[in-house]
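Asks: Below is the structure, and that's it, no one-letter string:
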DNA sequence: AAAATAAAAGACTTTTTTATCTTTTATATA
DNA sequence: TATATAAAAGATAAAAAAGTCTTTTATTTT
Ligand code: FES
Ligand code: FES
């Protein structure tokens, strides 16, 4: 559904958001460990997210990654778009081009509906929405 | 959403189904041309589909690929499962493991619903369902 | 039986994605 | 201002997916 890179990105965002609530900054190594992902790969992904202003960062001692007030309200859809582009939200889910609005294939409308639901769901899910559950340790971001 | 291999497989199945209606067999070169896909790659994919009994084939002169009566009713879900496995139908759409039925994440239920709809749609779409539209040239399987 | 045809199987190459390593730049603190 | 720290940037490596080629096997027709 999404690329591995994108999955890591989402988990990283959710983790950083939680850590940032209390004003803390987090290094990429800690992030990688928390979400059980390869360190240098997470570093690369965070750079991408930074360029898209989906995370903030500061260099030097006590530096690290964090998420500010506004960014807390960014949605999972933003993250997906930044990493995987918007091909998931547009075009045929089968990746086919042989049908159109005017000459819909037998599954055209169902596909459209599902795609729209997916988009709406991701657009209404903010990265900070998970903070509470993480705090209460009801969910965990690792792989186990 | 699906792998390229899977997209080719679906388009090939749909094409072969239409050609088979009138009892004809089709060579992999013709199939590749019709769906605008690389010839040797399609040959490989057809072998996979053959092993899963999703297409029939016969060797020698006037041989080729075809789809018999029963197979006409196989669904797109069968093709997807044969090529990409069933990971699209199971587990979290985000590829995450940090939530469960008991401790659902904020988007758990929406995700579940969407995934189920997707599965139902693919399970109710047969490969022969496209024959009519192809006959009437309302849709085309090529890339242009 | 021999020749021709067409798929099956297996080895191989290219491209893309995923992951890693090294050097540079920026910032804080002593 | 020197040193330590941490991210940014860029180059490289490994793995997976996509695509290609060659040989083998089965079938039909002559
Ligand atoms: S072929 Fe994908 S929606 Fe019609
Ligand atoms: S994290 Fe994917 S459904 Fe909950």
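Replies: Now that the structure is in, tell me what you want to look at. As the structure is a prediction and not an experimental result, all values here were calculated from the model. Ligands and ions are numbered 1, 2, ... in the order given.

Asks: Every contact and neighbour count from this point should use C-alpha atoms.
Replies: Fine.

Asks: and residue A:65, that's in a strand?
Replies: Yes: secondary structure of residue A:65, determined by DSSP: H, G, I helix; E, B strand; the rest coil: located in a strand.

Asks: Now do the helices in chain A.
Replies: A:4-21, A:28-35, A:39-51, A:69-72, A:76-84, A:108-124, A:131-135 (DSSP state H).

Asks: Using JSON lines, lay out these together with mean pLDDT and distance to DNA strand C.
Replies: Below are the helices of chain A laid out as JSON lines (pLDDT from 0 to 100; distance: least, Cα to the nearest atom of the strand, whole Å):
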{"stretch": "helix A:4-21", "mean pLDDT": "95", "distance to DNA strand C": "4"}
{"stretch": "helix A:28-35", "mean pLDDT": "96", "distance to DNA strand C": "10"}
{"stretch": "helix A:39-51", "mean pLDDT": "98", "distance to DNA strand C": "4"}
{"stretch": "helix A:69-72", "mean pLDDT": "95", "distance to DNA strand C": "19"}
{"stretch": "helix A:76-84", "mean pLDDT": "96", "distance to DNA strand C": "8"}
{"stretch": "helix A:108-124", "mean pLDDT": "92", "distance to DNA strand C": "19"}
{"stretch": "helix A:131-135", "mean pLDDT": "87", "distance to DNA strand C": "23"}
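
Asks: most packed of those?
Replies: Mean neighbours per residue, mean count of other Cα atoms under 10 Å in any protein chain shown, is largest over those for helix A:4-21, with a mean of 22.

Asks: now that one against helix A:76-84, angle please.
Replies: On the basis of axes from the mean of the first three to the mean of the last three Cα atoms, to 10 degrees, helix A:4-21 is oriented at 130 degrees to helix A:76-84.

Asks: and helix A:4-21, is it in reach of DNA strand D?
Replies: No: for a cut-off given as Cα under 7 Å from any atom of the strand, helix A:4-21 has no contacts with DNA strand D; the smallest distance is 10.5 Å.

Asks: Say whether ligand 2 is contacted by that helix.
Replies: No: Helix A:4-21 does not reach ligand 2 (Cα under 6 Å from any ligand atom); its nearest approach is 9.4 Å.

Asks: name the helices or strands packed onto that helix?
Replies: Packed against helix A:4-21, as judged by 3 or more Cα pairs under 8 Å, 6 or more residues apart in numbering or on different chains; DSSP states H and E, are the following elements: helix A:28-35, helix A:39-51, strand A:64-66, helix A:76-84, helix A:131-135.

Asks: Now distance to residue B:28 too, for the ones you listed, in JSON lines please.
Replies: Output for the helices and strands packed on helix A:4-21, formatted as JSON lines (distance: least, Cα to Cα, whole Å):
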{"stretch": "helix A:28-35", "distance to residue B:28": "46"}
{"stretch": "helix A:39-51", "distance to residue B:28": "41"}
{"stretch": "strand A:64-66", "distance to residue B:28": "53"}
{"stretch": "helix A:76-84", "distance to residue B:28": "33"}
{"stretch": "helix A:131-135", "distance to residue B:28": "53"}
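
Asks: sorry, back to before: format the helices of chain A as JSON lines; extra columns: distance to residue B:142.
Replies: Converted to JSON lines, the helices of chain A look like this (distance: least, Cα to Cα, whole Å):
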{"stretch": "helix A:4-21", "distance to residue B:142": "30"}
{"stretch": "helix A:28-35", "distance to residue B:142": "42"}
{"stretch": "helix A:39-51", "distance to residue B:142": "35"}
{"stretch": "helix A:69-72", "distance to residue B:142": "43"}
{"stretch": "helix A:76-84", "distance to residue B:142": "25"}
{"stretch": "helix A:108-124", "distance to residue B:142": "17"}
{"stretch": "helix A:131-135", "distance to residue B:142": "47"}
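
Asks: So which of those helices is nearest residue B:87?
Replies: In this view, these are compared for proximity to residue B:87 by Cα to Cα, and helix A:4-21 is the closest at 13.7 Å.

Asks: From ligand 2, how far out is the closest residue to ligand 1 within chain A?
Replies: Distances between chain A and ligand 1 by Cα to the nearest ligand atom are smallest at residue A:108, namely 3.6 Å. The spacing between residue A:108 and ligand 2, counted by Cα to the nearest ligand atom, to the nearest Å, is 25 Å.

Asks: How about residue A:110?
Replies: For residue A:110, the distance to ligand 2 (Cα to the nearest ligand atom) stands at 21 Å.

Asks: Could you do residue A:113 as well?
Replies: From residue A:113 over to ligand 2 the distance is 19 Å, taken as Cα to the nearest ligand atom.
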